[in-house]
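S.K.: how would this look folded up:
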Amino acid sequence: MAGVTTIEDAYDFIQEVGICAIFSDKVPGVRSFWDAVDLPDRSGGRTKWGARTEAVWQWKIELPTLYPDDVYYGKIKGGHAALMSMRYLKEIHHPRNARPVSACKPLAQQVFEIVRLSPGTTAEVRREAMERFGCTKSRFETALKELQVSMNIVRLNEPDLANDTWVPFDEVYGELDLVGGDNSNV
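M.R.: Prediction:
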């Protein structure tokens, strides 16, 4: 399915393909959400960015919020943002990619502890990590990405949140019947 023009089309596209990288077309075997959205690039929107950019940006946040049992947002190998059907997450993605926190780099483990004890926005967690561990913004971003790719943290999908707020993966998805990737051994 191509020609995505509504959020309902976007939902159907994700259910059909299983997984799609949001902006990138450089992930082998993974379709691009950006390429599937058929809206004007530089016009038709409320901002100078155009209808296509506005839709992709908004839908990547709205889809997991509106359909929390059907759509997952996270990072995949290479750090690419992706949307996937919950079926794909359960049957393919999680078993192949989930790793315990203890298998992550030391800074990622430390950042996880911050999130575990006090979930917060990217800015809040970054500020605490930089103060406590003396890391750079770049090293923090790398650690945050590693925690997302390994499915130890996830963005909280609440409609009223203006900024990405991070919580432990198991806090949101712990009751799913997931195969592999025990994230509990910190």
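S.K.: which SSE is immediately downstream of the lengthiest helix in the chain?
M.R.: When the chain is scanned for its longest helix (criterion: DSSP state H), the result is helix 51-66. Reading on from helix 51-66 to the C-terminus, the next helix or strand found by DSSP states H and E is strand 71-76.
S.K.: domains of this protein?
M.R.: Taking automatic domain parsing as the domain assignment, the record places the domains of the chain at 7-96, 99-173.
S.K.: straight-line length of the last one, end to end?
M.R.: Read it as domain 99-173. Across domain 99-173, the straight-line distance between its terminal residues is 15 Å, by Cα to Cα, to the nearest Å.
S.K.: that one: how far from the chain's middle?
M.R.: When C-alpha coordinates are averaged (Cα atoms, centre = their mean, to the nearest Å), domain 99-173 and its chain have centres 12 Å apart.
S.K.: how many other residues sit next to residue 13?
M.R.: Number of residues near residue 13 (other Cβ atoms under 10 Å) recorded here: 21. In short, each C-beta sits where N, CA and C put it, glycine included.
S.K.: right, I mislabeled it, should have said residue 40
M.R.: Residue neighbour count, defined by other Cβ under 10 Å, stands at 12 for residue 40.
S.K.: quick check: it vs residue 149, distance?
M.R.: From residue 40 across to residue 149, the span is 33 Å (Cβ to Cβ, to the nearest Å).
S.K.: can you name the residues bridging to residue 4?
M.R.: Here residue 4 sits in beta bridges with residue 37, going by DSSP bridges.
S.K.: check contacts around it.
M.R.: 10, 13, 33, 36-38 (Cβ atoms under 8 Å, 6 or more residues apart in numbering).
S.K.: now the residues you listed in TSV, with distance to residue 71 and pLDDT?
M.R.: Converted to TSV, the contacts of residue 4 look like this (distance: Cβ to Cβ, whole Å; pLDDT from 0 to 100):
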residue	distance to residue 71	pLDDT
10	9	97
13	11	97
33	11	95
36	14	94
37	15	94
38	20	91
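S.K.: nearest to residue 74, of the residues you listed?
M.R.: Closest to residue 74 out of these is residue 33 (13.4 Å), distances taken as Cβ to Cβ.
S.K.: list the residues that contact the residue nearest in space to the middle of the chain.
M.R.: Note on the chain: the residue nearest the mean C-alpha position is residue 74, at 1.9 Å, using Cα atoms, centre = their mean. Shown here is residue 74, whose contacts under the criterion Cβ under 8 Å, 6+ apart are 81-82, 84, 148-149, 151, 154-155.
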